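In: This is the structure alone, sequence omitted:
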């Protein structure tokens, strides 16, 4: 596996050649959602970004174990270990058991991911399912001297850690700056220092979610779940950890500190962060009234939206920007992506009908190389998409008789479409985003080819037989002057 | 809520009026799958049975919290606490992390449930996610004197329990009969008595899945997960516990013993068990070659199957027998259900077009009453379906002008359809439960039929052509003596 994949490592702030620890195996961890509300565009961008990484690594031949967690406990309203648990609060308001809230929003998240053609991860661990593993890591951190116990709660000692190691190496933040920007809040008096963060919190009487521990009946801090679950399934050292840029500090900074303190080493080789989404140039937020959930987006059900947008349009829109650039949502840009998707759909239809000739006036192998180079360059999906749009122009030109192509090169062109557009970018061209869709579509094309051949051989009985078989499956076909069209 | 629902309680062996502990709330627990292989007809029957109960209780106005678990640890190959963990064994064979096996089959199970229109439960807890809760219950049982520790493993003391309470009250089995039928197996010497069962097993070095405990680094026994998770989410006493009849002994018998020993009381008010499925009169089993998975059934991809069956046909087939009767699979009976589904679809189409008149010659309100009575009589779905088929006759008669109906009664008739057929029985008439996968599989079947026809006509060129087309799409086909098999 002679990979030429370069990945921008947030830790070193440069693009690095990707070298897995144990090739052909790759361990990939990405932070998943806290399931107390519907997923929005930000969730979609993060999920699609690491889905494309998962797909591309698999395409390169790596055997990828991809872990994406579900946060179902410990994520408090404020980053300063204050406020109510987000899930418990929702449960209180809705008069439900917290795990009913979790199940409900997790199911909806999965449905959104299915619509966006995001593959399920290899393992989707839940924080409440790994309380023991979190406690084991906390014990290691205490034993190493980097955590202290106050009134049944356990806090990570940031100052002690920073004296021995370097707190802030991922985010580039400096302890002194952080301290001067932190107000000591009421109720934080348990902490030696306001930068310290909770590893275990003693549950107050109103807290429904709690488990026994040697420190108290309580619940884990938010940061510790990812450190415990990633290393449980990927080993103490693994290849890639991803997440949104909003998680870089404090969440990922704290993960590094926990690993170094508890395991004596950095767990992660490559840290990857996708950038944020803005809405018409503004930060997205509930208070700004521009908070659009994916369901609203797919249904056109929000005052900002001029229309509904197909999940594949949204996926294409996300991939038309590089994952490290900010991505601005606007109706215009989504509508542009909608046109782009249509171009791909039309090109794929034409591609199925192209007749090969004895000579190629175009060179798909060069194009394939360019596609690979784009992805190898830190997943440059906008450049890859530009090449694929170039391919649609070729297809149009061949279709119009302005260019010609041999059977071999035609197969090459088809392979570029199926490999890069479908397998790597995960763009499904049927608009129905179901697994097996692509295969069904290709099967229909194959069957229609057989039918065309039968007609050419005057075997109309077979041609009709094929039409009937397809009709039985709910597929209608229409013979036009440009070939056969079909509809499910 | 003046319910007249009668439920057959396996514990008392009679139909009892259903009285929830805290109306309008109902706590319902049903055993879910051990996720180490694809779901088959038996899984479908159990899931559909308790889905209909969940739907009917909700229809009656109850607020149901429905828990259906996922068993992802502790289910050993033999009921006598011997053999390998089923999931670990699969993981070893497939060279995967056990939780990858769990995730893979859990996703497939969820997809099957979606196809069968089985609603997701309110909470779907996993055994590995509740190790602490299981340990807490085990401690209670030890403290109560009904369990003993040997070499780091904890066993339930059945003889001690039976002396104080009554082991066998659910299954009606007698200790003496059980003992005379039990051989003391090698390696069971840790147990005082062969009827004792493991609550916690010390992990041997080859066992990958293990957690710390005060007894040993080990893993929970299978039976304890359901007792721990049901009571965590439904309280120490709850309304209904369901499962397949194959789980009655020892699984549910052991659950009762654990609750009585640990909590001092029976947790469950009503025990419900669905009966088994036979295949052409035979027990279903891998060794008998009649083990049909749901995917195979939906795709028609098994030598026993004459065709593929839509998930809704399978659901209707299941509901055409009472859940406490055995249900025999045969192509004829499935084909009969297919015709039945078609009758409902046609009737629903006609129903939408019926013109009301000034006078009714039929009485839907009486019919509605009969539907309710059928469900109240221990979920008598075959009787309910007979009434609904009667309704299709009415609809045909009205449509043909042989009978007339007023606007009010027409609404009543529509309501019977939407309430009982759609909401309670969960029969969807839109055909939208087909996934792309299914379509792809049906397309493959269609193509293979064409190929068989071509071969029968000695058109081997076409037959080869079809084989090549499928190969190009990554589908290999194999001609066996019982027909064609294929693999993607």
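Out: Yep, that arrived. None of the values given here were measured: they were computed from a predicted structure.
In: so what's the residue nearest to residue A:119 when sequence neighbours are not counted up against?
Out: If the residues on either side of it in the chain are set aside, residue A:119 comes closest to residue A:51, at 5.8 Å by CB to CB, 6 or more residues apart in numbering or on different chains. Every C-beta, even on glycine, is put in place using the N, C-alpha and C of the backbone. Contacts for residue A:51 (CB atoms under 8 Å, 6 or more residues apart in numbering or on different chains) come out as A:118-119, A:426.
In: Just name the closest of the residues you listed to chain B, please.
Out: Taking CB to the nearest CB as the measure, chain B sits nearest to residue A:119 out of these, at 10.1 Å.
In: That closest one looks like it's in a strand, true?
Out: No. Secondary structure assignment (DSSP: H, G, I helix; E, B strand; the rest coil) places residue A:119 in coil, not in a strand.
In: Isn't it up against residue A:56?
Out: No. The pair residue A:119 and residue A:56 fails to qualify as a contact (CB atoms under 8 Å) at a distance of 11.8 Å.
In: between those two, who's got more neighbours?
Out: When residue A:119 is set against residue A:56 and neighbours are counted by other CB atoms under 10 Å in any protein chain shown, the residue ahead is residue A:56, at 22 against 16.
In: so that one makes contact with residue A:378?
Out: No. Checked against CB under 8 Å, the pair residue A:56 and residue A:378 is beyond contact range at 11.0 Å.
In: Give the helix, strand or coil label for whatever residue of the stretch 1-150 of chain A ends up closest to chain B.
Out: Proximity to chain B, evaluated over the stretch 1-150 of chain A using CB to the nearest CB, is greatest for residue A:129 at 3.1 Å. Classification of residue A:129 by three-state DSSP places it in helix.
In: I'd say it and residue B:127 touch.
Out: No. Contact status for residue A:129 versus residue B:127: not in contact, 9.5 Å apart, counting by CB under 8 Å.
In: More neighbours: which of the two?
Out: Regarding residue A:129 and residue B:127, a neighbour count based on other CB under 10 Å identifies residue B:127 as having more, with 28 against 24.
In: Not including adjacent chain positions, what is the nearest residue to the more buried one?
Out: Take residue B:127 and drop its neighbours on the chain: the residue closest to it by CB to CB, 6+ apart is residue B:225, 4.1 Å away.
In: Show me what the helix or strand containing that neighbour is packed up against.
Out: With elements delineated by DSSP states H and E, residue B:225 resides in helix B:222-234, which encompasses its position. With contacts defined as 3 or more CB pairs under 8 Å, 6 or more residues apart in numbering or on different chains; DSSP states H and E, the packing partners of helix B:222-234 are strand B:25-30, strand B:63-68, helix B:131-143, strand B:197-202, strand B:238-244, helix B:253-263.
In: which stretch among the ones you listed comes nearest residue B:216?
Out: With respect to residue B:216, and counting by CB to CB, the nearest of these is strand B:197-202 at 3.8 Å.
In: what's the next helix or strand after the closest one packed up against?
Out: The C-terminal neighbour of strand B:197-202 among helices and strands, as given by DSSP H and E, is strand B:218-220. Contacts of strand B:218-220 with other secondary structure elements, assessed using 3+ CB pairs under 8 Å, 6+ apart, are made with helix B:131-143, strand B:197-202.
In: Which residue would be the closest one in the stretch 201-350 of chain A to chain B?
Out: When you check the stretch 201-350 of chain A against chain B by CB to the nearest CB, the closest residue turns out to be residue A:211, at 5.3 Å.
In: what ranges do the helices span in the stretch 351-488 of chain A?
Out: Secondary structure of the stretch 351-488 of chain A (DSSP state H, counting those that start in this stretch): helices located at A:364-376, A:381-399, A:407-416, A:437-456, A:460-472.
In: Those: lowest mean pLDDT?
Out: Averaged per stretch, pLDDT over the helices of the stretch 351-488 of chain A is lowest on helix A:437-456, reaching a mean of 77.
In: quick one: contacts of that helix?
Out: Under the contact criterion CB under 8 Å, 6+ apart, helix A:437-456 has outside partners A:352, A:418, A:422, A:428-430, A:460, A:462-463, A:466-467, A:469-470, A:475, A:477, A:483-484, A:486, B:436-437, B:439-440, B:443-444, B:446-447, B:450, B:462, B:465-466, B:469-470, B:472-473, B:488.
In: ditto for stretch A:299-309
Out: Residues lying outside stretch A:299-309 but in contact with it, judged by CB under 8 Å, 6+ apart, are A:279-280, A:290, A:292-293, A:295-298, A:317, A:331, A:334-335, A:338.
In: now chain A, which segments are flagged as low pLDDT?
Out: Low-confidence segments of chain A, defined by pLDDT under 70, are located at A:1, A:183-188, A:431-438, A:480-483, A:485, A:488.
In: quick one, helices of the stretch 1-150 of chain A?
Out: Taking DSSP H, counting those that start in this stretch as the criterion, the stretch 1-150 of chain A carries its helices at A:41-59, A:86-94, A:98-115, A:131-143.
In: Of those helices, flag the one that's most buried.
Out: helix A:41-59 (a mean of 23; mean count of other CB atoms under 10 Å in any protein chain shown).
In: now it against strand A:238-244, angle please.
Out: Taking axes from the mean of the first three to the mean of the last three CA atoms, to 10 degrees, one finds helix A:41-59 and strand A:238-244 inclined to each other by 150 degrees.
In: gap between helix A:41-59 and the chain center?
Out: What separates the centre of helix A:41-59 from the centre of its chain is 3 Å, taken as CA atoms, centre = their mean, to the nearest Å.
In: Check stretch A:242-254 too.
Out: Mean C-alpha position of stretch A:242-254 versus that of the full chain (CA atoms, centre = their mean) differs by 15 Å.
In: List the buried residues of it.
Out: If you call a residue buried by 16 or more other CB atoms under 10 Å in any protein chain shown, then stretch A:242-254 has these buried ones: A:242-245, A:247-254.
In: before we move on, back to that, show residues contacting the helix holding residue B:225.
Out: Counting contacts by CB under 8 Å, 6+ apart, the residues outside helix B:222-234 that touch it are A:97, A:99, B:27-29, B:31, B:65, B:67, B:69, B:71, B:73-76, B:123, B:125, B:127, B:130, B:133-134, B:136-138, B:197, B:199-200, B:238, B:241, B:250-251, B:254-255, B:258-259, B:262-263, B:267-268.
In: Just the buried residues of those.
Out: Using 16+ other CB under 10 Å as the threshold, A:97, A:99, B:27-29, B:31, B:65, B:67, B:69, B:71, B:73-76, B:123, B:125, B:127, B:130, B:133-134, B:137-138, B:197, B:199-200, B:238, B:241, B:250-251, B:254-255, B:258-259, B:262-263, B:267-268 are the buried ones among the contacts of helix B:222-234.
In: how about residue A:417, what does it touch?
Out: Under the criterion of CB under 8 Å, 6+ apart, the contact list for residue A:417 reads A:347-348, A:351, A:388, A:391.
In: Which members of the residues you listed are the farthest-apart pair?
Out: Distances among these were taken as CB to CB; the most separated pair is A:351 and A:388, at 11.8 Å.
In: about what we covered before: the helices and strands packed on helix B:222-234 into a markdown table, with extra columns for distance to residue A:219?
Out: Putting the helices and strands packed on helix B:222-234 into a markdown table (distance: least, CB to CB, whole Å) gives the following:
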| stretch | distance to residue A:219 |
| --- | --- |
| strand B:25-30 | 24 |
| strand B:63-68 | 21 |
| helix B:131-143 | 12 |
| strand B:197-202 | 24 |
| strand B:238-244 | 25 |
| helix B:253-263 | 24 |
